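**Student:** Let me see the structure of the following:
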Amino acid sequence: MDRHKELTAAKLPDDLVVDILSRLEYKDFCRGKCAYKAWPAFSSDPDYCKKLPNKVTPGLLFQGRNKSAIPLVSLFQHIGEIDGILADVPHYEHLELLECCNGLVLCKYSSSYTTPGICCFVVCNPATRQWRIIPDTHSKTDDPRYVTILAFDPSWSPQFYIFNFHLEHIHGLILGTSKLEIFWSGSSTWLVDDTWDCDISVSHRSHIFLHGILYAETTGQVVLLEGLEEMSDGTLPYHWIIDMPSDSFYVGTFTHGCLGKSSGKLHYALPDDDGRSIVVWTLDEYAYGLWTWVVKCHLSMADAFGRDDFIHYDNGGEDGEGNWFWNCDLLDYRSRLGERPRFPL
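**Tutor:** Take a look at the predicted model:
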């Protein structure tokens, strides 16, 4: 550091230095404390520490079935549970947790202050205590015929997206998707895409947002939505379908897999049909617009849980044929032990 600048900064009053440091992000503040020996002492001063940036506590947001308050359970044992993490959001006592994506939280609320039959969405950032109320879009949001997904990837865009799928519902059966409503945070309106094939049934199960593309699981397939960057011109994104790995169809009829991302690629994980490992596929593009699933690895269940015999087939059918029903007693195994399974690091 230049000697003249060092002397000038050393002459600044402490109150002014604290005011400057308070405007930094926590990571930048930690770096700035290394510039002068006196600056780290500000963090232990009871008057100054309240003004300085605080470390964001990583944790798990959850809500009970009774739609109670949404606390944050810290990942650090000495901190425990933090109540009121979203207490600054309007109608906090009526919030229902829907989705989380890369630090943003999607909630809905309804109360005596809102129009009957209308449920409002709000997107919150628990780290900064900022929130944004989303314009109303439809009524009866509590109806199971709607699947709502939040998508946010700060490495791709500072904007977030909300996808609201309307499912075709006849005589209690969900037959497909009738239309899709999309909200983009760069505007204050919803765009409506009513060109969806009624055979596509987007589920509440696994989905992921990667490189500006939404991957949402359906029955035996994954639907992709891309072209979101064109929404600033009012252009709707387009969607298309890829099949799940062909060797996952049998087990996939009995249990659900999980979509994830690693090394910038989409992955899909599902228990193997022998019950002794978890198969992980990666989605690779072998030609323009053509994709294929490639087996990435097998994760040993014995290494993760200490045993691999808690997944089995039940006999059934009219003739008592074997391999009729694929069953898993993992939860029962955990409850008998009274402890959580230990995973290798």
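
**Student:** Give the partner strands of whichever strand or helix holds Tyr161 in its sheet and their orientations.
**Tutor:** If you go by DSSP states H and E, Tyr161 is part of strand 160-170. In the sheet, strand 160-170 lines up against strand 146-152 (antiparallel), strand 173-184 (antiparallel) (DSSP bridges).

**Student:** If you count neighbours, what's buried in it?
**Tutor:** By neighbour count with 16 or more other CB atoms under 10 Å, strand 160-170 contains the buried residues Phe160, Tyr161, Ile162, Phe163, Asn164, Phe165, His166, Leu167, Glu168. For the C-beta atoms, the positions are set from N, CA and C on the backbone; glycine is no exception.

**Student:** hmm, back to that, tell me which of the strands paired with strand 160-170 is the most buried.
**Tutor:** Comparing those by mean neighbour count (mean count of other CB atoms under 10 Å), strand 146-152 ranks first with a mean of 21.

**Student:** ok, residues contacting the strand holding Tyr161?
**Tutor:** Contact partners of strand 160-170, identified using CB atoms under 8 Å, 6 or more residues apart in numbering, comprise 101, 104, 106, 121, 123, 134, 137-138, 144-152, 174-185, 190, 198, 201-202, 209, 214, 216, 225, 228.

**Student:** Is Pro271 in contact with Val280, as I believe?
**Tutor:** No: judged on CB atoms under 8 Å, Pro271 makes no contact with Val280 at a distance of 10.9 Å.

**Student:** if you count what's nearby, which of these two comes out ahead?
**Tutor:** The neighbour count for Pro271 versus Val280, taken as other CB atoms under 10 Å, is higher for Pro271 (22 against 18).

**Student:** can you pull up the bridge partners for that one?
**Tutor:** Counting by DSSP bridges, Pro271 forms beta bridges with Ile278.

**Student:** Can you tell me how far it is from Asp308?
**Tutor:** 11 Å (CB to CB, to the nearest Å).

**Student:** intersection of neighbour lists for these two?
**Tutor:** Shared contacts of Pro271 and Asp308 (CB under 8 Å, 6+ apart): Ser277, Met301.

**Student:** so what's Met231 up against?
**Tutor:** Counted by CB under 8 Å, 6+ apart, Met231 has contacts Ile182, Trp184, Gly186, Ser187, Leu191, Pro237.

**Student:** now swap in Thr219 and tell me
**Tutor:** Residues near Thr219 by CB under 8 Å, 6+ apart: Ser201, Ser203.

**Student:** So what touches stretch 284-298?
**Tutor:** So stretch 284-298 is contacted by 242, 244-246, 265, 267-268, 272, 277-283 (CB under 8 Å, 6+ apart).

**Student:** Next, give me the two most distant ones among the residues you listed.
**Tutor:** Within the contacts of stretch 284-298, two members stand farthest from each other by CB to CB: Ile242 and Ser277, at 24.0 Å.

**Student:** Okay, strands next: where are they in the stretch 1-150 of the chain?
**Tutor:** 59-61, 72-74, 81-82, 96-101, 104-109, 120-125, 130-134, 146-152 (DSSP state E, counting those that start in this stretch).

**Student:** Identify all contacting residues around the longest one.
**Tutor:** Pointing back at strand 146-152 there. With CB under 8 Å, 6+ apart as the criterion, strand 146-152 contacts 98-106, 108, 121, 123, 138, 141, 159-167, 202-204, 207, 209, 214, 216.

**Student:** Filter those down to the buried ones, ChimeraX style.
**Tutor:** A single ChimeraX command is used to select the members of the contacts of strand 146-152 judged buried by 16+ other CB under 10 Å:
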select :98,99,100,101,104,105,106,108,121,123,141,159,160,161,162,163,164,165,166,167,202,207,209,214,216
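
**Student:** one step back: settle it for me: which of Ile242 and Ser277 has more neighbours?
**Tutor:** Higher neighbour count among Ile242 and Ser277: Ser277, with 19 against 15, using other CB under 10 Å.

**Student:** Spatially nearest residue to the more buried one (excluding sequence neighbours)?
**Tutor:** Of all residues not flanking Ser277 in the chain, His298 sits nearest, at 4.3 Å (CB to CB, 6 or more residues apart in numbering).

**Student:** Can you tell me the number of residues neighbouring that neighbour?
**Tutor:** For His298, the neighbour count with other CB under 10 Å is 12.

**Student:** quick one: pLDDT of it?
**Tutor:** His298 is assigned 90 on the pLDDT scale.

**Student:** Angles on the backbone of it, please.
**Tutor:** Recorded main-chain torsions at His298 are phi -120, psi 130, according to degrees, to the nearest 10.

**Student:** roughly how far apart are it and Tyr286?
**Tutor:** 22 Å.
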